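Engineer: Got a predicted structure plus its sequence, pasted below:
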Amino acid sequence: MLFACTYALEEGWCPQTYFVWFIGPTSAVVPVEDEYMTMLDNSTIQIEWMIRDPGAYEIYVWPEYEHCEHYNWMKFPLSKCMVYGTPFQIDVVGPPPIDSMTPCTGVMKKEEADGRWISTKHIAPRYLSEAWARTYFQGAAEEIPEYIWQPYTCKRSRPVMATALDDPKYSHINHVLYIGDSTTRSPYCGLIYPALHDGVTDGVCEFRGDAWGYQSWPFRVFDYLTAANRETRWSYIYMGGKVSSYDEAYLQMSTIASEPHPVSHIVANIGLWLQQTHNETEYAEEVRQLLETVRDYWPEAYVIWKTTTSIVHPIKCNDGKLVRPNTRVQRRVSMDVVEEFRELGMRIDVVDANTLTDGRPDATNDARHWVVERNGEGLRGFHTDRATIRRLGEAEMGVQEWIWDLWRLEGQ
């Protein structure tokens, strides 16, 4: 595909990348990488991408600006910035890929997300009776996700978190510690907490509209007693935004390490806001410092590194270099650092949240958060009306399913 910019070239309105979204039997977005996007001149970009699953697709295309404030300066409505003629309609032909129905085992330990978001409406009826499929089609019709992430080489099931903890495969989960910014807090408060509290979000996750009182609350913890009377603890340390939060986060880690509740599992990510202040080398050092601290405090813990979530403009403009290409860089850099620690013997795996969220621009609340973590009104500036959109939370749930799958595999 060739995209030629004809709008105010001399004023610098021609982008260096485009957001290209294929939606049909699968949902996919072309990653911002040189092997897929080539700038032929200052106004023309060539994009090469292969869709592996045949069927009828629509292609939506937007320009991606290095400074997304460009969207605010446009004299036309935002929808006018779409590439002329989109959505394009195409038919992808050819044989379908080999698609195994066997349960996922060690394949999910691969960092690369070799799978895709498949439309539940396009799943052949003969597969709906499979054990993995039944876990997604339980409940009312409105509770069935529109798209689910599945690998090609196996199929995974959706865990029922509250009951899964009494499964012997999860019996090694005692104290889970989440570390990260609001994109890590969101699943902690928006998915994990209500799943273990009968769908209610209260207590340490009760939403408040004040940005610093809720958003940057430095530490949260709750205990959950399973149906079999097994005690588990779930903690979260805020580490993001202002640099001062990093110092406080490390102090909080020291405090937790001294308490009589040893951490058994860790889910961590730093990134996103570091785009504003850190180059690749500096970001790598921040990741190393965090992983070194985690290893020193909890050498026996099983660590999952969650790559930085994607950014979807123009759902909402997040200023200060918070753009999709930079999240892709953080993905690559952090995965390299994780490999360093794995070679040193650390028990660590990667869940590629960047790839999973990148392919679901329809599943974000405000361009960078992927689940609603509140009952009632949202923060100022959030697209609160999007809370009624059915697809919200599906991308983050795909990330959590991958995490729980790794926990299950670890316990086998």
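Structural biologist: Received the coordinates, thanks.
Engineer: Now do the lengthiest strand in the chain: everything it contacts.
Structural biologist: Ranked by residue count and defined by DSSP state E, the top strand of the chain is strand 55-64. For strand 55-64, contacts defined as C-beta atoms under 8 Å, 6 or more residues apart in numbering pick out 3, 5, 13-26, 32, 51, 81-83, 86-92, 122, 313-314, 323-325. From N, CA and C alone the C-beta is placed, and that goes for glycine too.
Engineer: Next: stretch 280-298.
Structural biologist: 177, 179, 239, 246, 250, 253-254, 256-257, 262-263, 266, 268, 270-271, 274, 278, 301, 303, 305, 329-330, 333-334, 336-338, 340-341, 346, 348.
Engineer: 6 Å - rerun?
Structural biologist: 253, 257, 263, 266, 270, 274, 333-334, 337, 341, 346 (C-beta atoms under 6 Å, 6 or more residues apart in numbering).
Engineer: Also stretch 100-107?
Structural biologist: By C-beta under 6 Å, 6+ apart, stretch 100-107 touches 130, 153-156, 405.
Engineer: For the contacts of stretch 280-298, which single residue is the most surrounded?
Structural biologist: residue 334 (27 neighbours; other C-beta atoms under 10 Å).
Engineer: Quickly note the distance from it to residue 289.
Structural biologist: Note on residue 334: its distance to residue 289, by C-beta to C-beta, to the nearest Å, is 13 Å.
Engineer: just to revisit the earlier point, buried residues in the longest strand of the chain?
Structural biologist: Neighbour counts over strand 55-64 (16 or more other C-beta atoms under 10 Å) mark 57, 59-64 as buried.
Engineer: Let me know the closest of those to residue 160.
Structural biologist: residue 57 (32.9 Å; C-beta to C-beta).
Engineer: Bridge partners for the closest one, pull those for me.
Structural biologist: Residue 57 has these beta-bridge partners by DSSP bridges: residue 90.
Engineer: Sketch out the low-pLDDT regions of this structure for me.
Structural biologist: Residues of the chain that meet the criterion pLDDT under 70 lie in 8, 10-11, 68-80, 106-112, 209-213, 314, 318-320, 374-389.
Engineer: So which residues of the stretch 151-300 of the chain form strands?
Structural biologist: Assigned by DSSP state E, counting those that start in this stretch, the stretch 151-300 of the chain shows strands spanning 175-180, 219-225, 231-238, 265-268.
Engineer: Mind putting the ones you listed into a markdown table with distance to residue 207?
Structural biologist: Putting the strands of the stretch 151-300 of the chain into a markdown table (distance: least, C-beta to C-beta, whole Å) gives the following:
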| stretch | distance to residue 207 |
| --- | --- |
| strand 175-180 | 17 |
| strand 219-225 | 12 |
| strand 231-238 | 14 |
| strand 265-268 | 21 |
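Engineer: and of those strands, who's closest to residue 126?
Structural biologist: Closest to residue 126 of these, according to C-beta to C-beta: strand 265-268, at 36.0 Å.
Engineer: Run through who's touching that closest one.
Structural biologist: 173, 176-179, 294, 301-306.
Engineer: Of the residues you listed, select the buried ones using a PyMOL command.
Structural biologist: Buried residues within those, by 16+ other C-beta under 10 Å, are selected in PyMOL with:
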select buried, resi 173+176+177+178+179+294+301+302+303+304+305+306
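Engineer: check contacts around the nearest residue to residue 147 once chain neighbours are set aside.
Structural biologist: Distance criterion C-beta to C-beta, 6 or more residues apart in numbering; nearest residue to residue 147, sequence neighbours excluded, is residue 117 at 4.2 Å. Residues near residue 117 by C-beta under 6 Å, 6+ apart: 26-27, 147, 149, 359.
Engineer: and residue 117, bridged to which residues?
Structural biologist: Assigned bridge partners for residue 117, using DSSP bridges, are residue 27, residue 149.
Engineer: I'd like the distance from it to residue 204, if you could.
Structural biologist: From residue 117 to residue 204 the distance is 32 Å (C-beta to C-beta).
Engineer: same check, this time on residue 240
Structural biologist: Residue 240 is 18 Å from residue 204, by C-beta to C-beta.
Engineer: check contacts around the residue nearest the centre of the chain.
Structural biologist: Nearest to the geometric centre of the chain sits residue 353, at 3.5 Å (C-alpha atoms, centre = their mean). Contacts for residue 353 (C-beta under 6 Å, 6+ apart) come out as 306-307, 309, 399.
Engineer: can you name the two of those that are farthest apart?
Structural biologist: Going by C-beta to C-beta, the pair spanning these furthest: 307 and 399, at 9.4 Å.
Engineer: just the helices in the stretch 201-350 of the chain please.
Structural biologist: Secondary structure of the stretch 201-350 of the chain by DSSP state H, counting those that start in this stretch: the helices cover 244-257, 280-297, 324-343.
Engineer: ok, residue 240 and residue 204, which is more surrounded?
Structural biologist: residue 240 (22 against 16).
Engineer: The more buried one reaches residue 179, doesn't it?
Structural biologist: No. Between residue 240 and residue 179 there is no contact under C-beta atoms under 6 Å: 9.7 Å.
Engineer: gap between the spatially closest residue to residue 194 that is not a sequence neighbour and residue 231?
Structural biologist: Leaving aside its chain neighbours, residue 194 sits nearest to residue 201 (5.0 Å; criterion: C-beta to C-beta, 6+ apart). Per C-beta to C-beta, residue 201 is found 22 Å from residue 231.
Engineer: doesn't residue 35 make contact with residue 328?
Structural biologist: No. Using C-beta under 6 Å, residue 328 is not in contact with residue 35; the gap is 11.8 Å.
Engineer: More neighbours: which of those two?
Structural biologist: Per other C-beta under 10 Å, whichever of residue 328 and residue 35 has more neighbours is residue 328, with 21 against 8.
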